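>>> Based on what follows, work out the 3D shape:
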Amino acid sequence: MNAYLDLSDEVAEALARGAPVVALESTIISHGMPYPRNAETAIAVEAEVRAAGAIPATIAIIGGRLKAGLNADQIGLLGERGHDVAKVSRRDIARIVASGADGATTVSATMIIAELAGIRIFATGGIGGVHRGAESSMDVSADLDELARTGVAVVCAGAKSILDIAKTLEYLETKGVPVVVYRGDEFPAFYTSRSGLRAELRMDSAAAIAAMLKAKWDLGLSGGAVIANPIPVEYEMPVDVINAAIDQALVEATAAGVRGKDVTPFLLARVKDLTGGDSLESNIALVMNNARLAAQIAIEYGRLG
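All right, here's what the predicted structure looks like:
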């Protein structure tokens with residue numbers, strides 16, 4: 001066990017007996033939603049994982065300690081402090097640990113801490129990716145390289161539709177990251193179940209996905225996998241509405257000079273405002289949906305021994 005890592009009693013006990021555990025990120029708490037919906041959603045997602053038969057392990061950095069498994073007070077603190085909590089990617093982990101600070105972990109940082117803890121399955125909303133205009137800005141999320149190097153499977157609703165999804169998929173292919181679409185023929189685009197981009201690999205059961213993951217890691221193939229789980233149709237945003245909101249938010253971000261890791265939280269917040277809050281409800285629904293599938297995959301993976 002890493003000297004900087006703390007497991008909650010519940011997570012430690014589950015891992016010791018080989019019970020299924022699902023990692024959950026904390027950037028969605030501090031940077032993804034307004035308070036108090038952020039903390040309420042985080043607690044509800046943990047409950048969804050438990051209801052599906054697995055143990056949740058929300059991951060963050062608290063007082064310079066890597067945490068796998070938070071209590072309700074810690075989740076509430078991250079939610080209430082919001083953007084005052086550092087948004088932590090791979091490059092930031094050592095600085096936050098050394099300074100004894102608090103940090104909300106992105107997909108990449110959550111994957112790193114999950115792997116240290118021995119957790120293979122992780123549920124989130126959507127992965128980062130290649131940003132629109134990246135051919136000039138070179139703005140590519142650290143999530144993609146992390147997926148190529150860290151052995152954790154990420155269950156998500158695809159890539160956030162604020163991104164260039166076609167380039168994101170090309171990047172993942174170059175890095176050798178398997179991309180599975182669960183019960184769908186198109187890669188999902190976060191707020192919508194379809195992106196217009198064909199699924200290279202479709203799987204229709206958690207058991208099949210778990211078997212693929214076990215074979216990958218037993219073969220010594222490094223890195224993780226993207227398990228793209230389309231948002232339920234009843235919670236989808238109309239394509240024209242969400243695309244118009246994204247386009248306007250992108251223009252505003254450019255005009256305001258928003259760059260780097262501040263781009264995604266800015267865009268998500270503006271899209272929420274421009275859609276009258278409808279995008280937030282879709283976001284919450286898809287996270288819950290991903291938590292259920294991640295729990296099912298963790299259970300099936302554990303049965304493979």
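>>> How confident was the prediction at the residue nearest to the spatial centre of the chain?
Central residue of the chain (Cα atoms, centre = their mean): Thr124, 2.9 Å from the mean position. Thr124 is assigned 98 on the pLDDT scale.
>>> Might one say that it is in contact with Asn289?
No: counting by Cβ atoms under 8 Å, Thr124 does not reach Asn289; the two are 11.6 Å apart. For every residue, glycine as well, the C-beta is placed using N, CA and C.
>>> picking that back up, now the phi/psi pair for the residue nearest to the centre of the chain, please.
When read as degrees, to the nearest 10, the backbone of Thr124 gives phi -140, psi -170.
>>> next one: the one 5 residues further on
For Gly129, the backbone dihedrals (degrees, to the nearest 10) come out as phi -170, psi -150.
>>> can I see the domain layout of the protein?
Annotated domains of the chain cover 1-119, 125-305 [automatic domain parsing].
>>> Make a markdown table out of those domains and add mean neighbour count.
Output for the domains of the chain, formatted as a markdown table (neighbours: other Cβ atoms under 10 Å):
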| stretch | mean neighbour count |
| --- | --- |
| domain 1-119 | 20 |
| domain 125-305 | 19 |
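>>> Confidence-wise, which of the ones you listed is weakest overall?
domain 125-305 (a mean of 93).
>>> what's the next secondary structure element after the lengthiest strand in the chain?
Using DSSP state E to define each element, the chain has its longest strand at strand 55-62. As assigned by DSSP states H and E, the chain's next helix or strand after strand 55-62 is strand 65-68.
>>> That following strand pairs with which strands, and in what direction?
Paired with strand 65-68 in the same sheet, following DSSP bridges, are strand 5-7 (parallel), strand 55-62 (antiparallel).
>>> so where do the helices sit in the stretch 1-150 of the chain?
Here the stretch 1-150 of the chain has its helices, by DSSP state H, counting those that start in this stretch, at 9-16, 27-30, 37-51, 72-81, 93-99, 107-117, 134-137, 142-149.
>>> Distance from the fourth one to the middle of the chain?
Centroid displacement of helix 72-81 relative to its chain, using Cα atoms, centre = their mean, to the nearest Å, is 19 Å.
>>> does Ala285 really touch Pro230, like I thought?
No: in this structure Ala285 lies outside contact range of Pro230 using Cβ under 8 Å: 11.5 Å.
>>> before we move on, back to that, would you format the helices of the stretch 1-150 of the chain as CSV with distance to Gly128 included?
Output for these, formatted as CSV (distance: least, Cβ to Cβ, whole Å):
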stretch, distance to Gly128
helix 9-16, 25
helix 27-30, 10
helix 37-51, 18
helix 72-81, 19
helix 93-99, 16
helix 107-117, 6
helix 134-137, 12
helix 142-149, 4
